[in-house]
Structures are given as C-alpha cells and as structure tokens.
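**Student:** Coordinates for the following, if possible.
(chains A and B)
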Amino acid sequence: MQVNLMDFWPRILEATNQTLLMVGISLLAATLIGLPLGIALVVTKDGGLLENKPIFNALSSVVNFFRSIPFIILLVAILPITRFIVGSSIGTAAAVVPLVIFSAPYIARLVESSLLEVKSGVIEAAEAMGATPWQIIARVYIPEALSSIVLNLTIATIGLVGASAMAGFVGGGGLGDLAISYGYQRFETDIMIATVLLLVVIVQITQTIGNVVSKKIRRQ
Amino acid sequence: MIEFEGVSKIYEHNGNELRAVDQVDLSVNKGEIFGVIGYSGAGKSTLVRLVNLLEYPSEGRLLVDGEDLTQLSKPELRKVRKRIGMIFQHFNLLESKTVRHNVAFPLAISGVPKKDIDARVEEILEFVGLSDKARQYPDQLSGGQKQRVGIARALATSPDILLCDEATSALDPETTKSILKLLRRVRDEYNITILMITHEMNVVREVCDRIAVMEHGRVIEQGSIFDLFSQPEHPTTKNFVRTVMENEIPASILEGIENRGASRHIYRVTFVNESAGQPVLSGVSKSFEVEVNVLFGQITELQGIPFGHLVVELQGEDKEIVRAIDSIQRSVTVQEVKAHAG
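**Tutor:** So this is what the prediction gives:
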C-alpha cells in the first residue's frame, strides 16, 4: 500500500469542497421548490384550507413520479435537461440538477408530513378568528411545523450527501467519487477509509446541527 | 343574538344521509349564557360550528345579530368572525408562541398597530388572571391556565359572542368551577352572549340561564334552567338532571310507602329560589296539628341559588292536613305523591 502524502490531502480537501458545494446548492434549490410544493399538497388536500382535488392529484402524481426513479437512473436520464440548464452535462454544477430534481419531491413529502402534524384544531381556531388562508399558512402552519421541518430537512440533507456520492458518473467529483475511483478502483485503501470517515463526520455534524436548531426553534 | 330557524346539517356518507343537526329552532338572547347539553354524537359540536360557519348549514336559516352569514362574501365573513370568539375543549393554542403572542394573534392578523396590541393583551391577560405568565409557552401551563389563555385570545378582539365547545370537558372539577366563574364574569362585565355546549349537567347548572337538550341532531327540550330541573319531560333530560340531582324516589322508600297502606299523605315539596332558605315545614308543624316526616330529598344549587325538593309524609287529621298544604303552597310547589306513581 503506497501513500502519496503530497497528493493525499489536497485531493481530500478538494473532494470535500465539491461534496459540500453540491449538497449545499442542491439543498437550497430543492428546499425552494419542495417547501412550497409541500405546503400546496397540504392545503389542496381533501378538507384542506384551499381544497382542490385536480391540483392536489396533479401535484401528488408528479411528486410520486420523480420519487419512483432511482437516482442513478435519473442522473443519466435527464442529461439533456441538465445540459440545457447549466450548459454542460459534466462537472459539479451538472450534478446539482439531478440532485435537485431527486430531492425536491422528497422534501415536498417531508414538509407535507411536518405540516400534517399541526393539530387540525389549531387551524380551525385560526379560521374561527377570521384569519385568511395565507395568514394561516404563514402564521400558523409554518411556525408550528418549523421545528419538525428542520428535522426533516436534516434527513433530506443526509440523503443528499449519499446521493452526491453517485455524482462521479457525471464528473461531479466529491468524496464519494474519490472513494470509488481511488479507494476502490485503484486499491488505495487509506483514501477509502479517509473519505468514509469524512462522510461519517459530515453526517454527524449535519444531524447535530439539525437537532440543535430544531430544538431552538421550538423554544425561540 | 343567535337565531336558528329550521337549521339542518346533512352529511352524505357512502350514499347514506347523516343528519348531524336536524331541524333545529333555537334563539339565544343578547347577554345570555345558553347551554346546549347532549351525549356525544348528539350533534352539539356541529351545532356550535354552524354559528361562525365553520360548518355550512344544509337547510334553514341562521341569523347572527340579525345577519345571515351565508349571504356574506369571504372577506365579510372573516370580519364577522372577529366578533365571534371561540374556545375549545383542547384549547388549540399555538405551541410555538408564548402566551402573549397567542393572545395577540387575532389582533395581529387584523392589522392592529403593535402599541395597541400590547396594551390590549396586557389588559385582557389581567382580566383572566395570567399577567405573570405572559412570557411562558403553552406547554408550561396547566389545563386551566391554557383555557384562560384560550378565553383571553377569544376576547382580544372584543367580540359580541363567545362560543364554547366543551370548554371544560378536559379539566378537573375544581378547574372547571374556576373557568365557569370566569365565563360568568365575561358575560357580566363585557355583556358578551355565550353559547356553550357540554355533556356535563353540573356545567350548565353552574352558569347557564337557559338550556337546550340535544339528541340525534334534534333539540328535544329547551327552557330555563329552573324549568328543566324542576320539570324535565324527555327521558334524556331526566337522565341528565339525575346526574346532578336524584329526582326519583328511591325504590326502598317507595316500597315502604306501598307496604304501609294507601291512607298515608305523601307530598313532594319543590323549593325554588329563596323558598329553600325558609323554614316552611317546621312552620307547618307548629301552626297545624300535623307531624312532618321527611322521607327523602335533595337540595342543590342552580346558578348559586338553592333548588331542590323533599318528599314528606304528613301525619294527622285529614282536615288539618288540607289546611297545612294550603298554607305551604303559598311559598312552595306541592304535589301529592301516589304510592304507585312515585
């Protein structure tokens, strides 16, 4: 087993940066899409604030459609779309597009389940007080569910870290790619161990931050 | 203030029709505390939700302060809802907000300036006795305190009507009493009309002026609290009255009456209002040649006024007994009890 220390740390560092970048941007974009989508699912649902069967059925079908495609297939299937959006079908930026399309519907479902935890009585009370549907969304649903939404976004983030490992397929780089191409294919076990440890650390830190923030929101 | 005219609420369920509220006629006067009592599933919750249109009536007309709310646009309805406060069995407070922000909520959504909100919240928290809890969160409060926050929130917009949906059903008896006392103050000090639904007779006994009894979506009996307690007609009403006051003569006593022959003079003496405090019976045995023997009885309190009845046996000459009864009838209601009738 040969260890090239000159090479080792810079590569790890670069891969870590790529992972954090991919996960960070994807999380942000996927939340911007998934959060409103999750809210829309809840309010258009049967008996919801703005009950609307056609819209609910359409949204729900789209979400289910994207959630049923395995990420590795999605990654290659949408290459033309990726090229259209970021101008290239390879590289870190190109990996972000499938990551967003993969996790936005997931986040929508997570947000939906968080919002459904808000007791219907609280919503009813707000309606009885003469609140508009928008006021109920902004001042009741979101603040009441925020702590749970944060925990669910933490789950989505960790899912993204995992999915980003497959980004190597489109030359996205990142820790997962490093582990596969060096650690596995070139038998550099130390690289493999280092990347896996780093991924473990990233996941631990993410979960801890999620727990702390969620707890803090519950008692702001 | 609130008028139900032949109001029904019908749910369709798998082709079956469920009449949750069936042809209800009710009228709640301004400044009154009106109670609707019934077992669970009687349609009370639906009934109270019809008033602020959380449930839409299927038939009939419902007027709030002379206005048919079903004719209003959505913005107009929201405006009217701000004049109808509502409190709930499970309080329905915002868990993520402090007591102060919960009470401020209805004002904040109405665009009231922050300075005015602060002043109003302070005033209303003082009224419900929670000034020191303003910065706490609902899960740090007891059930009774949570309901006080609920009441403060409902009163924040100075409504004309307060709807109470089983407001004390999740509370212990002591806390229930204190909440009912508070509700009475709400009526007395702000002249707010209160419509409350409950399944507990001791709740309506404590605060209601008039009550309606509901069963299977229908109002089966209604009247003043004294009427319903002294002369319940429907079996369900009788059952409810019995939960707080035994109205029937126990079997053992009836048996005694039957066995000792029909020549006995047994009467049911009903006390209402101040008469419960008067020494009616001892006066009779002094003034007339009769002995009074109390067989059974119960005195309770309705709205803080003693109310009850005694079953007594008068022993003496027939002539004297007739005179004695005449005299008692001037201050209390007397009915002869036949041995077989009970």
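
**Student:** Can you pull out the low-pLDDT segments for chain B?
**Tutor:** B:247, B:260-263, B:272-278, B:304, B:338-342 (pLDDT under 70).

**Student:** Could you point out the helix or strand that follows the helix or strand bottoming out on mean pLDDT in chain A?
**Tutor:** Every helix and strand of chain A was ranked by mean pLDDT, DSSP states H and E. The lowest is helix A:175-178, at a mean of 85. As assigned by DSSP states H and E, the chain's next helix or strand after helix A:175-178 is helix A:189-218.

**Student:** Can you list the buried residues in that following helix?
**Tutor:** Within helix A:189-218, the residues that count as buried by 16 or more other Cβ atoms under 10 Å in any protein chain shown are A:191-192, A:194-195, A:198-199, A:202, A:206, A:210, A:213-214, A:217. (C-beta placed from N, C-alpha, C; glycine too.)

**Student:** repeat for stretch B:103-122
**Tutor:** B:103-110, B:112, B:117, B:120-121.

**Student:** same thing with stretch B:49-64?
**Tutor:** B:49-55, B:57-58, B:60, B:62, B:64.

**Student:** ranges for the strands of the stretch 151-300 of chain B?
**Tutor:** Ranges of strands within the stretch 151-300 of chain B are B:161-165, B:193-198, B:210-215, B:218-224, B:265-271, B:290-302, based on DSSP state E, counting those that start in this stretch.

**Student:** could I get these as CSV with distance to chain A and mean neighbour count?
**Tutor:** CSV is the format used below for these (distance: least, Cβ to the nearest Cβ, whole Å; neighbours: other Cβ atoms under 10 Å in any protein chain shown):
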stretch, distance to chain A, mean neighbour count
strand B:161-165, 8, 25
strand B:193-198, 13, 25
strand B:210-215, 21, 25
strand B:218-224, 23, 18
strand B:265-271, 41, 20
strand B:290-302, 30, 16
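
**Student:** Could you restrict the buried residues of helix A:189-218 to the ones contacting chain B?
**Tutor:** Among these, the ones lying near chain B by Cβ under 8 Å from any Cβ of the partner chain are residue A:217.

**Student:** which among the buried residues of helix A:189-218 gets closest to chain B?
**Tutor:** residue A:217 (7.5 Å; Cβ to the nearest Cβ).

**Student:** Tell me who's in contact with that closest one.
**Tutor:** A:146-147, A:150, B:96 (Cβ atoms under 8 Å, 6 or more residues apart in numbering or on different chains).

**Student:** so can I have TSV of those residues showing distance to residue A:32, neighbour count and secondary structure?
**Tutor:** Below are those laid out as TSV (distance: Cβ to Cβ, whole Å; neighbours: other Cβ atoms under 10 Å in any protein chain shown; DSSP: H, G, I helix; E, B strand; the rest coil):
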residue	distance to residue A:32	neighbour count	secondary structure
A:146	16	17	helix
A:147	20	21	helix
A:150	16	20	helix
B:96	23	22	coil
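
**Student:** And those, which is the shakiest by pLDDT?
**Tutor:** Lowest pLDDT within the contacts of residue A:217 is found at residue B:96 (92).

**Student:** OK, contacts around that one?
**Tutor:** A:143-144, A:146-147, A:217-218, A:220.

**Student:** Next, count neighbours for residue B:187.
**Tutor:** Using other Cβ atoms under 10 Å in any protein chain shown, residue B:187 has 17 other residues around it.

**Student:** now swap in the one 5 residues further on and tell me
**Tutor:** Residue neighbour count, defined by other Cβ under 10 Å, stands at 21 for residue B:192.

**Student:** And it, how far from chain A?
**Tutor:** Distance, residue B:192 to chain A, by Cβ to the nearest Cβ, to the nearest Å: 15 Å.

**Student:** wait, that residue sits on residue B:164?
**Tutor:** No - the pair residue B:192 / residue B:164 is not scored as a contact, 11.0 Å apart, by Cβ atoms under 8 Å.

**Student:** Give me the distance between residue B:246 and residue B:254.
**Tutor:** 13 Å (Cβ to Cβ, to the nearest Å).

**Student:** more crowded one of the two?
**Tutor:** Here residue B:246 and residue B:254 are compared on neighbour count by other Cβ under 10 Å; more neighbours surround residue B:254, at 20 against 14.

**Student:** Just the CA atoms from stretch A:94-101 would do, formatted as CSV, please.
**Tutor:** Extracted in CSV, the C-alpha atoms of stretch A:94-101 (Å, rounded to 0.1, in the frame of the first residue of the first chain):
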residue,chain,number,x,y,z
ALA,A,94,-24.1,19.4,-13.7
ALA,A,95,-24.5,17.1,-10.7
VAL,A,96,-26.6,19.7,-8.9
VAL,A,97,-29.5,19.5,-11.4
PRO,A,98,-30.3,15.8,-10.9
LEU,A,99,-29.7,16.2,-7.2
VAL,A,100,-32.3,18.9,-7.0
ILE,A,101,-34.9,17.0,-9.1
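
**Student:** Now do that stretch: everything it contacts.
**Tutor:** A:22-23, A:25-26, A:29-30, A:33, A:66, A:71, A:74-75, A:78, A:81-83, A:85-86, A:88, A:160, A:163-164, A:167, A:170-174.

**Student:** wait, what's in contact with residue B:121?
**Tutor:** Per Cβ under 8 Å, 6+ apart, neighbours of residue B:121: B:100, B:103-104, B:107, B:134, B:152, B:156.

**Student:** Relative to residue B:309, which of the buried residues of stretch B:103-122 is nearest.
**Tutor:** Nearest to residue B:309 out of the buried residues of stretch B:103-122 is residue B:103 (Cβ to Cβ; 44.6 Å).

**Student:** Reformat the contacts of residue B:96 as JSON lines; add distance to residue B:40.
**Tutor:** Shown next, in JSON lines, are those (distance: Cβ to Cβ, whole Å):
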{"residue": "A:143", "distance to residue B:40": "32"}
{"residue": "A:144", "distance to residue B:40": "28"}
{"residue": "A:146", "distance to residue B:40": "34"}
{"residue": "A:147", "distance to residue B:40": "33"}
{"residue": "A:217", "distance to residue B:40": "37"}
{"residue": "A:218", "distance to residue B:40": "33"}
{"residue": "A:220", "distance to residue B:40": "38"}
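
**Student:** Using PDB, list the CA coordinates for stretch B:205-223.
**Tutor:** Extracted C-alpha coordinates of stretch B:205-223, given in PDB (Å, rounded to 0.1, in the frame of the first residue of the first chain):
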ATOM      1  CA  ARG B 205     -76.300  24.100  36.300                       C
ATOM      2  CA  GLU B 206     -73.500  26.400  37.300                       C
ATOM      3  CA  VAL B 207     -73.700  29.100  34.700                       C
ATOM      4  CA  CYS B 208     -76.500  28.800  32.100                       C
ATOM      5  CA  ASP B 209     -79.600  30.900  32.100                       C
ATOM      6  CA  ARG B 210     -81.400  28.600  29.600                       C
ATOM      7  CA  ILE B 211     -80.600  25.200  28.200                       C
ATOM      8  CA  ALA B 212     -81.500  23.100  25.300                       C
ATOM      9  CA  VAL B 213     -81.100  19.300  25.300                       C
ATOM     10  CA  MET B 214     -80.000  17.600  22.100                       C
ATOM     11  CA  GLU B 215     -80.300  14.100  20.900                       C
ATOM     12  CA  HIS B 216     -79.800  12.600  17.400                       C
ATOM     13  CA  GLY B 217     -79.300  16.100  16.000                       C
ATOM     14  CA  ARG B 218     -82.600  17.400  17.300                       C
ATOM     15  CA  VAL B 219     -83.400  19.700  20.200                       C
ATOM     16  CA  ILE B 220     -85.700  17.600  22.300                       C
ATOM     17  CA  GLU B 221     -86.400  20.000  25.100                       C
ATOM     18  CA  GLN B 222     -85.400  23.600  26.000                       C
ATOM     19  CA  GLY B 223     -86.300  26.100  28.600                       C
END
